[in-house]
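S.K.: Below is the sequence, then the predicted model.
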Amino acid sequence: MSELDTLERALDEVAAGKRIAYLGPGVSALSGSQFPATPEALCALIEEQVRAPRRASGNLWSVAQYVESRKFRATLNKIINDAFDAETKAPNPIHDWLARVRPPMVVDSWYDDGLLNAFEGTDWGLVQGVSRNGEWIDIFTRTYDSAGQEIDQPDPAWKTLLYKPHGLGKSGSSFLMSDSDYVEVLTEIDIQRPIPEEVQERRTNRPFLFLGCRFDDQMLRTFARQIAKRSADGHIAVMPGTLTRMEHRFLDELNMQRLDLPLSAVDTALSVPEG
């Protein structure tokens with residue numbers, strides 16, 4: 001079976017609710033918006049506004065921590081909210097397709113709201129990671145219905161649960177980015193406490209299809225590993241080009257099949273007529 005055939009089969013499984021799509025910033029970039037579409041680009045944007053020390057420069061989580069520590073959290077929030085307050089320039093073929101097929105769950109690991117906009121008008125709900133900065137309660141996530149109203153917990157009756165583990169870079173929302181944001185999450189994530197029970201339930205017996213993701217950063221590997229934990233074997237990742245040593249190790253660890261295809265191959269596969 002060719003790599004394109006494997007991709008087409010995996011997409012069919014997502015549509016049938018048998019596999020979970022896990023989206024990275026590469027998918028968000030398909031919208032053609034002006035917001036940063038890689039951790040490196042977002043880090044550079046922050047550093048354009050706040051000069052970070054050399055020891056932190058180039059590392060998104062460390063630069064965000066420096067801004068939070070030296071310029072206060074409100075400064076970091078404004079930079080990120082402004083960065084992602086960008087008009088979408090073009091339809092996003094993957095977001096739009098997911099909104100049409102309405103699978104049980106989609107994981108979206110970037111900070112934009114493109115996926116939420118694509119699902120507007122359908123039966124869905126949102127669970128997003130939140131920063132504990134300024135919080136006085138034991139909280140890792142918040143839950144919202146499709147109207148944007150906060151509710152106590154995800155509804156098992158939702159047709160689709162949208163899970164944004166790193167949060168949302170939008171005014172009035174929250175996100176994880178600084179080292180201190182992740183301290184308690186990483187302390188508890190191995191026992192799965194930061195991952196809502198409904199997310200754990202919907203991943204059961206379903207492998208993942210990773211699209212637009214790279215795993216050249218320990219934070220990204222940790223979250224992907226723990227979100228995919230106790231799901232099902234048979235993960236697939238569309239990851240073109242040269243991989244780092246740690247990416248190779250990560251794919252081996254999760255027994256993940258890598259497809260050396262550009263993300264545009266997904267659009268091609270979605271355009272293939274059924275038959």
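M.R.: Received the coordinates, thanks.
S.K.: Please count neighbours and contacts with C-alpha atoms only from this point.
M.R.: Will do.
S.K.: Which residue ranges of this protein form helices?
M.R.: For the chain, helices defined by DSSP state H occupy the ranges 3-15, 25-28, 39-49, 60-71, 73-83, 93-101, 114-118, 179-188, 197-203, 218-227, 245-253, 264-270.
S.K.: Return the set of buried residues in the third one.
M.R.: Taking 16 or more other CA atoms under 10 Å as the neighbour-count basis, helix 39-49 is seen to contain the buried residues P39, L42, C43, A44, L45, I46, E47.
S.K.: What is the burial count for the nearest residue to L161 once chain neighbours are set aside?
M.R.: Closest residue in space to L161, ignoring its immediate chain neighbours: M105 at 4.6 Å, by CA to CA, 6 or more residues apart in numbering. Burial of M105, expressed as a neighbour count using other CA atoms under 10 Å, amounts to 26.
S.K.: Redo the buried residues of helix 39-49 as CSV? Include pLDDT and distance to R258.
M.R.: What follows is the buried residues of helix 39-49, written out as CSV (pLDDT from 0 to 100; distance: CA to CA, whole Å):
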residue, pLDDT, distance to R258
P39, 95, 21
L42, 97, 26
C43, 97, 27
A44, 97, 29
L45, 97, 31
I46, 97, 32
E47, 97, 33
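S.K.: give me every residue that touches the most centrally placed residue in the chain.
M.R.: Among the residues of the chain, S109 comes closest to the average C-alpha position under CA atoms, centre = their mean, at 1.0 Å. Listed by CA atoms under 8 Å, 6 or more residues apart in numbering, the contact set of S109 reads Y22, L23, G24, P25, K164, P165, H166.
S.K.: Narrow those residues to those in strands?
M.R.: Those of those mapping onto strands are Y22, L23, K164, per DSSP state E.
S.K.: my guess is the first one meets L211, correct?
M.R.: Yes. The pair Y22 / L211 is scored as a contact, 6.2 Å apart, by CA atoms under 8 Å.
S.K.: so what's the nearest residue to C213 once chain neighbours are set aside up against?
M.R.: Here the nearest residue to C213 in space, its sequence neighbours aside, is G24; by CA to CA, 6+ apart that works out to 4.2 Å. Taking CA under 8 Å, 6+ apart as the criterion, G24 is in contact with D108, S109, W110, F210, L211, G212, C213, R214.
S.K.: would a markdown table of those residues with distance to S57 be doable?
M.R.: Supplementary listing: the contacts of G24 in a markdown table, determined by distance: CA to CA, whole Å:
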| residue | distance to S57 |
| --- | --- |
| D108 | 26 |
| S109 | 22 |
| W110 | 21 |
| F210 | 28 |
| L211 | 27 |
| G212 | 24 |
| C213 | 22 |
| R214 | 20 |
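S.K.: which of those count as buried?
M.R.: D108, S109, W110, F210, L211, G212, C213, R214.
S.K.: per-residue pLDDT, V272?
M.R.: If you check V272, the pLDDT there is 63.
S.K.: do the same with V63
M.R.: Per-residue confidence (pLDDT) for V63: 97.
S.K.: residues contacting L116?
M.R.: With CA under 8 Å, 6+ apart as the criterion, the residues that contact L116 are L162.
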